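1. Predicted model and sequence below, questions to follow.
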Amino acid sequence: QVHVKENGGGLVQAGESLRLSCAVSGRIFGDYMMGWFRQALGKDYEFVAHMSWTSGVTDYSDDVRGRFTISRDNAENTFYLQMNSLRPEDTAVYYCAATPWDYGGYYYVKSMFESWGQGTQVTVSS
């Protein structure tokens with residue numbers, strides 16, 4: 001099983017950018033799905049983006065598509081979430097997650113992911 005740990009949260013103003021990183025430890029056998037979720041205060045977990053570790057195929061929620069970019073550095077065993085044009089409604093605790101890829105898996109929900117980081121706070125002021 002792999003372990004993941006986020007870094008890079010903080011306080012920014014609306015319109016600014018922030019990059020989160022997620023360090024992956026442990027051996028990755030086969031393909032994995034890497035994901036970012038967020039949880040705003042008083043709300044449920046929300047899918048943000050995911051990426052296949054092997055193929056690099058990505059997908060995003062409609063809320064962040066065009067503003068956020070998920071990417072990876074295989075050599076560094078790290079994946080990232082570049083967040084541009086941040087809005088106050090992006091304020092949340094952001095979590096990275098990882099899980100072995102399985103054909104037919106629905107990688108848009110929290111329950112599909114096995115390994116989770118502790119979360120990092122992102123606050124966007126207006």
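-> Received, thanks.

2. Give me the nearest residue to His50, chain neighbours excluded.
-> Counting by Cβ to Cβ, 6 or more residues apart in numbering, His50 lies nearest to Gly35, which is 4.0 Å off, once chain neighbours are set aside. Yep, even glycine has a C-beta here, placed from its N, CA and C like the rest.

3. okay, the residue nearest to Gly119 when sequence neighbours are not counted: pLDDT?
-> What sits nearest to Gly119 in space, not counting adjacent residues and going by Cβ to Cβ, 6+ apart, is Val93, at 4.3 Å. Looking at Val93, its pLDDT stands at 98.

4. surely Val93 meets Thr120?
-> Yes: between Val93 and Thr120 a contact is recorded at 6.9 Å, counting by Cβ atoms under 8 Å.

5. quick one, which of the two is more surrounded?
-> Thr120 (21 against 18; other Cβ atoms under 10 Å).

6. Would you report the backbone torsion angles of the closest residue to the more buried one other than its chain neighbours?
-> Nearest non-adjacent residue to Thr120, counting by Cβ to Cβ, 6+ apart: Gly9, 3.4 Å away. The phi/psi pair for Gly9 (degrees, to the nearest 10) reads phi -70, psi 170.

7. Tell me who's in contact with the spatially most central residue of the chain.
-> Centroid-nearest residue in the chain, with Cα atoms, centre = their mean: Trp36, separated by 1.9 Å. Listed by Cβ atoms under 8 Å, 6 or more residues apart in numbering, the contact partners of Trp36 are Leu20, Cys22, Val48, Ala49, His50, Phe68, Ile70, Leu81, Tyr94, Tyr95, Cys96, Ala97.
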